[in-house]
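> Dropping a prediction and its sequence here:
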Amino acid sequence: MLKLLALLQDGRFHSGEALGATLGVSRAAVWKQLQELEAEAGLVVHGVRGRGYRLVNPLILLEREQLSDNPGGWQPWVFDSIDSTNAEAFRLMESGRAQLPFFVVAERQTAGRGRRGRQWVSPFAENLYYSLLLRIEGGAAQLDGLSLVVGLAVRAALFELGVTSVGLKWPNDLLVSGQKIAGILLEMSGDPADVCHVVIGIGVNVNMNNAVEVGQPWTSMRNELGRLVDRNALINSLNAQLHRFLAKHQQLGFSSVRNEWEAAHLWQGREVTLVSGATEIHGQVLGVDARGALRLLVDGVERQFSGGELSLRLRDDS
Ligand code: BTN
């Protein structure tokens, strides 16, 4: 089915006869596969008598061959459909089949995971669903500020592809004009004080432009740039930026990029509400400390906060 999709991805008309000849199947078999594309991948195919078929929304598929040459020598694992690239990365690690570090990307996720138990909407061939699996040796200090550093790397990759208005929201959301364009979910297995494995999960809204049910204001690279974005180019840029930022973090710690992070922080100095379960704390954002914890001025006293379950909201009156 994906071979057929690769032929149709340009959005132009292709006759059933030509498609069948290229794939070595009958016209009836082409028609059946087109039905499957619509039913399984949610794509819309337009058929016109005498002209053939075309995809109503053109797309650019992931191409494994374009992803192998990256500065870390990270091995690419590319899937058409997977529950979650984070879950698959752990499975591959446990099975011993993959050489570390490696990354997993998929055309779609059927059970994409977001922070705080949320679902991550993952339509077919539209967005980036990426997970990098790393072995961390050096103890818990190597994890300090890691998710914030990843935010800087994702931001740099989006910049490189032309989305220059993107900023960060603590701990690691990426926003354009208050709308979410990317999110990061770090998951860990093993002993953080000794040797552990971390999956760096990154979701970027790349070509999504329909009003899908996301549950929060969102935008995509396509919405910002007004054109279709090649996810292979984005992955290559992301691999290069992650390689650069992770090396710096490993050698010099989070404090080496702390100023850079604060300069990219959209809510620096703003009045916010920090939400942790049912608890809400009001304060003014002072920045982050040398370990990446949020520094808030609460009732005239500075307090630090860290942890994956926390989230920030702007105060209505700020
Ligand atoms: C967030 O809630 O902001 C974090 C979203 C992280 C989504 C990505 S998509 C690739 C990877 N696999 C997952 O299941 N989740 C992350």
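In hand now; what should we look at? Residues are numbered from 1 along each chain as shown.
> Low-confidence stretches in the stretch 151-300 of the chain?
For the stretch 151-300 of the chain, the stretches with pLDDT under 70 are 211.
> Walking through it, point out its helices one by one.
221-225, 231-252, 258-264 (DSSP state H, counting those that start in this stretch).
> of those, which approaches the ligand most closely?
Of all the helices of the stretch 151-300 of the chain, helix 231-252 sits nearest to the ligand, with 11.7 Å by C-beta to the nearest ligand atom. (Each C-beta comes from the backbone N, C-alpha and C, glycine too.)
> Going by proximity to the ligand, name the top residue of the stretch 101-250 of the chain.
In the stretch 101-250 of the chain, no residue comes nearer to the ligand than Gly183, which is 2.2 Å away by C-beta to the nearest ligand atom.
> Surely that residue and Leu175 touch.
No. Under the contact definition of C-beta atoms under 8 Å, Gly183 does not touch Leu175, with a separation of 10.0 Å.
> the more surrounded of the two?
With neighbours defined as other C-beta atoms under 10 Å, Gly183 and Leu175 compare such that Gly183 has more, 22 against 19.
> Spit out the contact partners of that one.
In this structure, Gly183 makes contact with 114-115, 120, 172-174, 202-203, judged by C-beta atoms under 8 Å, 6 or more residues apart in numbering.
> measure it to Tyr130 for me?
If you measure Gly183 against Tyr130 using C-beta to C-beta, to the nearest Å, the figure is 11 Å.
> Repeat that for Leu19.
Here the distance between Leu19 and Tyr130 works out to 31 Å (C-beta to C-beta).
> When the two are compared, which one has more neighbours?
Counting neighbours by other C-beta under 10 Å for Leu19 and for Tyr130 shows that Tyr130 has the greater number, 25 against 22.
> For the stretch 51-200 of the chain, what lies in contact range of the ligand?
For the stretch 51-200 of the chain, the residues in contact with the ligand under the definition C-beta under 6 Å from any ligand atom are 84-86, 109, 112-115, 118, 120, 129-131, 173, 183-185.
> These in helices, which ones?
Judged by DSSP state H, helices contain the following of those: 85-86.
> ok, of the residues of the stretch 51-200 of the chain next to the ligand, which come out buried?
Among these, those classed as buried by 16 or more other C-beta atoms under 10 Å are 84-86, 109, 112-115, 120, 129-131, 173, 183-185.
> and Gln9, how many residues sit next to it?
Gln9 sits with 18 neighbouring residues when counted by other C-beta under 10 Å.
> Repeat that for Val25.
Neighbourhood size, Val25 [other C-beta under 10 Å]: 15.
> That one sits in which helix or strand?
Here Val25 sits in a region with no helix or strand, counting by DSSP states H and E.
> any weak-confidence spans in the stretch 1-150 of the chain?
Low-confidence segments of the stretch 1-150 of the chain (pLDDT under 70): none present.
> For it, which segments count as helices?
Secondary structure of the stretch 1-150 of the chain (DSSP H, counting those that start in this stretch): helices located at 2-8, 16-23, 27-41, 85-95, 146-160.
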